[in-house]
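Visitor: Sequence and computational prediction follow.
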Amino acid sequence: MELPGLGQPCSASSCRRLDFLPLKCDACEEVFCKDHITYDQHKCTSAYKKDVQVPVCPLCNTPIPVRRGEMPDVVVGAHMDRDCKYNPAQHKERIFTNKCLKSGCKRKEMMKLVCDQCHGNFCIKHRHPLDHDCTGAGRPISKAGYAAIMRASESNVKLMGSSTVSRGLLQYNGCRQYSRGNS
């Protein structure tokens, strides 16, 4: 049994399918099925009214005005050649920022290489405890254990007063650790 008052045919000349959930184009206001609703699929003549995109310069992130009929790629390319305010010196990313703590070493690494014993950051050459004169206890300390030792040493500093504790190495339960004050 067919219901004559339900649904509308697709306005695309190649389709004309009866659609019970038709969609109305917001530019030309004709009714289409789900397969022909986009501007390109039904070759909408009014798409220019709604399909307005403003390209953004990939270097300086500023919107580039494009007139009707101009190719956005050409306009953005011309902007990059003439008007772009991008300064490569300002936007230079630093990759090697992790400086080795071994005295006399000036190497920097891309990744942190932290010693398990003294928790210092070292280069590949000095990452082993024997290579950087490690001040740790000789056995690895977990990050949680290291944090607990640092909290305890800070509370000892507060209790004793900063004048009685020398800056530099702190003794705590047989582990020699650097205080936070020295970097």
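Guide: Good, I have the coordinates.
Visitor: domain parsing for this structure?
Guide: Listed domain ranges for the chain are 1-52, 53-87, 98-178 (source: automatic domain parsing).
Visitor: Adding mean neighbour count as columns, could you present those in a markdown table?
Guide: Yep, even glycine has a C-beta here, placed from its N, CA and C like the rest. Output for the domains of the chain, formatted as a markdown table (neighbours: other Cβ atoms under 10 Å):
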| stretch | mean neighbour count |
| --- | --- |
| domain 1-52 | 14 |
| domain 53-87 | 12 |
| domain 98-178 | 14 |
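Visitor: Out of those, point me to the one whose mean pLDDT is lowest.
Guide: Summarising mean pLDDT across those, the least confident stretch is domain 98-178, with a mean of 73.
Visitor: For the lengthiest helix in the chain, list the C-alpha coordinates in PDB.
Guide: Among the elements of the chain assigned as helix by DSSP state H, the one spanning the most residues is helix 143-160. The C-alpha trace of helix 143-160 is given here as PDB (Å, rounded to 0.1, in the frame of the first residue of the first chain):
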ATOM      1  CA  LYS A 143      61.000   8.000  41.400                       C
ATOM      2  CA  ALA A 144      58.700   7.700  44.400                       C
ATOM      3  CA  GLY A 145      61.600   6.900  46.700                       C
ATOM      4  CA  TYR A 146      63.500   9.800  45.400                       C
ATOM      5  CA  ALA A 147      60.500  12.100  46.000                       C
ATOM      6  CA  ALA A 148      60.100  10.800  49.500                       C
ATOM      7  CA  ILE A 149      63.800  11.400  50.300                       C
ATOM      8  CA  MET A 150      63.600  14.900  48.900                       C
ATOM      9  CA  ARG A 151      60.500  15.700  51.000                       C
ATOM     10  CA  ALA A 152      62.200  14.300  54.100                       C
ATOM     11  CA  SER A 153      65.400  16.300  53.500                       C
ATOM     12  CA  GLU A 154      63.400  19.500  52.900                       C
ATOM     13  CA  SER A 155      61.500  18.900  56.200                       C
ATOM     14  CA  ASN A 156      64.900  18.300  57.900                       C
ATOM     15  CA  VAL A 157      66.200  21.600  56.500                       C
ATOM     16  CA  LYS A 158      63.100  23.400  57.800                       C
ATOM     17  CA  LEU A 159      63.500  21.900  61.300                       C
ATOM     18  CA  MET A 160      67.200  22.500  61.600                       C
END
